[in-house]
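**Q** Structure here, sequence nowhere to be found:
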């Protein structure tokens, strides 16, 4: 099924923008997924040329669909706060390329979504706007750092949302909320207009309940961008990995999963076998080195990227400072939250003179070893199937997982970021009232292969909606169609 006129969403902004905005705010009151809502504005690309094959306005599968955008991605005339006090009053003067291309395909940005400050977190709790709640159980987190985007989709407020993924920040909230979350091959979606956290790791990603919508949005937004030196064009169809899936690898050994996640992982294996795929187990020799390497690299790059937020050109200034050094110190002390300060300080430490070889450069060598091991896996298997997170959505605060345990739990998702490879979080069923997502990873440019696998899974395990949010807003306010 395509993402075209199948949902009723395409009528919404044409006939009932005011009703939609009111319904958005009412439903979001229990979720806190949005930081800003405005359904009336129309966007055109902010000085960025759409791709040559972009459909004319009003045509194509995405035309007329509302779009939610994580608030670390620029949308012209919307705020760009990164959920941080230091950017609380900043308004974007242009569109990010990925936004401009989706707008060129006919989509309409309707709001900016909540996140962990500057994308640093696994729960969307480190935000000046407070935490985002999971639509399946509002006492639990929606995941992070793209929790607002995932919750907005899962609760039926929008059909598609943009997030960012630095170490799992699209896939983990997608898994917690029971929807699809695509982390694409590094460079295929432009990073221009994305507020940098860890430049060599992070990518823009897509979240939706409909796989066809993810596919259509990826096709519309991908491609080389002259404004982003890290962007790459998609190879010709003949040069990309074949879309067919025949042989898949699952992780062997003790994975440390909770019972619901372990049950979903076993069920996913049964689905793969039932679909006629060859299933084998693999173990990764570099597994124990992934988390130290990831957090060393991510913190180092965060320290460098966030140095620009000093109260001089960007961010809120203190009312009074005796000298420039005091100004910067006060701006960062008052503007950054505790988690951001922790990661910036860690990154500054590992980049100190004399320490770079011991920490940062060593982490980069580990990263190379991880890439080589994954290349050997994909030399013999079409996909690697692995958990997204070792637990289901945990409760707010640290009653279920401490902050340190949350970081360690990113061990399954950081693999795709360290290797620049694509990965897709796939809904794998609901267990004791909470959804579980399992991710599929593939070689570079294998996004279509990931989606073909997800289609196999959906035939047995179709995505479900949270009981309290079973009706999407496009149907609730009478725009027609059915989701």
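**A** Here it is on my side, so go on. Remember, it's a predicted structure, so these values are computed and weren't measured experimentally.

**Q** tell me the centre residue of this structure?
**A** Centrality entry for the chain: nearest residue to the mean C-alpha point is residue 170, 2.2 Å, by C-alpha atoms, centre = their mean.

**Q** wait, doesn't it sit right on residue 179?
**A** No - Residue 170 is beyond contact range of residue 179, at 10.3 Å (criterion: C-beta atoms under 8 Å). No exception for glycine: its C-beta is placed from N, CA and C like everyone else's.

**Q** Spell out which residues are contacts of both of those two.
**A** Common contacts of residue 170 and residue 179 (C-beta atoms under 8 Å, 6 or more residues apart in numbering): 150, 207, 425.

**Q** tell me the pLDDT at the last one?
**A** With respect to pLDDT, residue 425 scores 98.

**Q** Quick check: which element contains it?
**A** For residue 425, the element it lies in under DSSP states H and E is strand 423-431.

**Q** Tell me the first helix or strand C-terminal of that strand.
**A** Following strand 423-431 toward the C-terminus (DSSP H and E): strand 434-441.

**Q** Flag every buried residue along the next helix or strand along the chain from that next one.
**A** Proceeding N to C from strand 434-441, the next assigned helix or strand is helix 447-460, under DSSP H and E. Buried positions in helix 447-460, judged by neighbour count with 16 or more other C-beta atoms under 10 Å: 447, 448, 449, 450, 451, 452, 453, 454, 455, 456, 457, 458.

**Q** Now do helix 447-460 against strand 434-441, angle only.
**A** Here the directions of helix 447-460 and strand 434-441 differ by 150 degrees (axes from the mean of the first three to the mean of the last three C-alpha atoms, to 10 degrees).

**Q** who's in contact with helix 447-460?
**A** So helix 447-460 is contacted by 180, 182, 184-185, 188, 211, 214-215, 218, 240-245, 248, 268, 271-272, 274-275, 277, 382-383, 422-424, 426-428, 440-442 (C-beta under 8 Å, 6+ apart).

**Q** Restricted to helices, list these.
**A** Assigned to helices by DSSP state H, the following of the contacts of helix 447-460 qualify: 211, 214, 215, 218, 268, 271, 272, 274.

**Q** The first one: neighbouring residues, count only.
**A** Okay, so that is residue 211. Here the number of neighbours of residue 211 (other C-beta atoms under 10 Å) works out to 24.

**Q** Repeat that for the second one.
**A** Residues near residue 214, counting by other C-beta under 10 Å, number 26.

**Q** show me the contacts for it.
**A** For residue 214, the contact set (C-beta under 8 Å, 6+ apart) comprises 160, 180, 182, 206, 207, 208, 424, 451.

**Q** which residues in the stretch 151-300 of the chain form helices?
**A** Assigned by DSSP state H, counting those that start in this stretch, the stretch 151-300 of the chain shows helices spanning 171-177, 211-221, 259-274, 287-305.

**Q** Go through these and pick out the most buried.
**A** Comparing the helices of the stretch 151-300 of the chain by mean neighbour count (mean count of other C-beta atoms under 10 Å), helix 171-177 comes out on top with a mean of 35.

**Q** Give the other helices and strands that that helix contacts.
**A** For helix 171-177, the elements it packs on are helix 147-154, strand 180-183, strand 203-208, strand 423-431, strand 434-441, judged by 3 or more C-beta pairs under 8 Å, 6 or more residues apart in numbering; DSSP states H and E.

**Q** circling back: separate out the buried members of the contacts of helix 447-460.
**A** Neighbour-count burial (16+ other C-beta under 10 Å) applied to the contacts of helix 447-460 gives 180, 182, 184-185, 188, 211, 214-215, 218, 240-241, 245, 248, 268, 271-272, 275, 277, 382-383, 422-424, 426-428, 440-442.

**Q** that older thread, I'd like the helices and strands packed on helix 171-177 laid out as CSV, including distance to residue 66.
**A** Converted to CSV, those look like this (distance: least, C-beta to C-beta, whole Å):
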stretch, distance to residue 66
helix 147-154, 10
strand 180-183, 17
strand 203-208, 12
strand 423-431, 22
strand 434-441, 23
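
**Q** nearest to residue 260, of the ones you listed?
**A** Taking C-beta to C-beta, strand 423-431 is the member of the helices and strands packed on helix 171-177 nearest to residue 260, at 4.0 Å.

**Q** Could you list the paired strands of the closest one along with their orientation?
**A** Using DSSP bridges, the strands paired with strand 423-431 are strand 180-183 (antiparallel), strand 434-441 (antiparallel).

**Q** Assumed residue 63 was part of a helix.
**A** No - counting by DSSP: H, G, I helix; E, B strand; the rest coil, residue 63 is not part of a helix but coil.

**Q** okay but it is in contact with residue 9, surely?
**A** No - the pair residue 63 / residue 9 is not scored as a contact, 10.4 Å apart, by C-beta under 8 Å.

**Q** and residue 312, what does it touch?
**A** Applying C-beta under 8 Å, 6+ apart to residue 312 gives the contacts 324, 327, 328.

**Q** For it, give its distance to residue 324.
**A** Distance, residue 312 to residue 324, using C-beta to C-beta, to the nearest Å: 8 Å.

**Q** can you check residue 149 too?
**A** 37 Å.

**Q** Of the two, which one has the most company?
**A** Higher neighbour count among residue 149 and residue 324: residue 149, with 41 against 11, using other C-beta under 10 Å.

**Q** hey, where'd the strands end up in this protein?
**A** For the chain, the strands defined by DSSP state E occupy 34-37, 66-70, 108-113, 133-134, 137-141, 160-165, 180-183, 203-208, 247-251, 278-282, 383-387, 423-431, 434-441.

**Q** For residue 356, which of these is the nearest?
**A** Nearest of the strands of the chain (C-beta to C-beta): strand 203-208, 25.1 Å.

**Q** pLDDT score assigned to residue 331?
**A** pLDDT for residue 331: 92.

**Q** Assess the claim that it and residue 317 are in contact.
**A** Yes - look at residue 331 against residue 317 with C-beta under 8 Å: they come within range, at 6.0 Å.

**Q** Quick one: neighbours of the closest residue to residue 88 other than its chain neighbours, just the number.
**A** Nearest residue to residue 88, sequence neighbours excluded (C-beta to C-beta, 6 or more residues apart in numbering): residue 81, at 5.6 Å. A count of nearby residues for residue 81, using other C-beta under 10 Å, gives 27.

**Q** list the contacts for residue 81?
**A** 35, 71, 87, 88, 90, 112, 128.

**Q** do the same with residue 439
**A** Per C-beta under 8 Å, 6+ apart, neighbours of residue 439: 171, 175, 385-388, 412-413, 416, 423-426.

**Q** Generate a PyMOL selection restricted to the buried entries among the shared contacts of residue 170 and residue 179.
**A** Buried members of these, defined by 16+ other C-beta under 10 Å, are picked up in PyMOL with:
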select buried, resi 150+207+425
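
**Q** between the shared contacts of residue 170 and residue 179, which is nearest residue 136?
**A** Among the shared contacts of residue 170 and residue 179, and counting by C-beta to C-beta, the member closest to residue 136 is residue 150, at 11.0 Å.

**Q** any idea how far the closest one lies from residue 364?
**A** Note on residue 150: its distance to residue 364, by C-beta to C-beta, is 31 Å.

**Q** just residue 437 next, same as before
**A** In terms of C-beta to C-beta, residue 437 sits 30 Å off from residue 364.

**Q** Tell me which of those two has more neighbours.
**A** Between residue 437 and residue 364, residue 437 has the larger neighbour count (other C-beta under 10 Å), namely 30 against 16.
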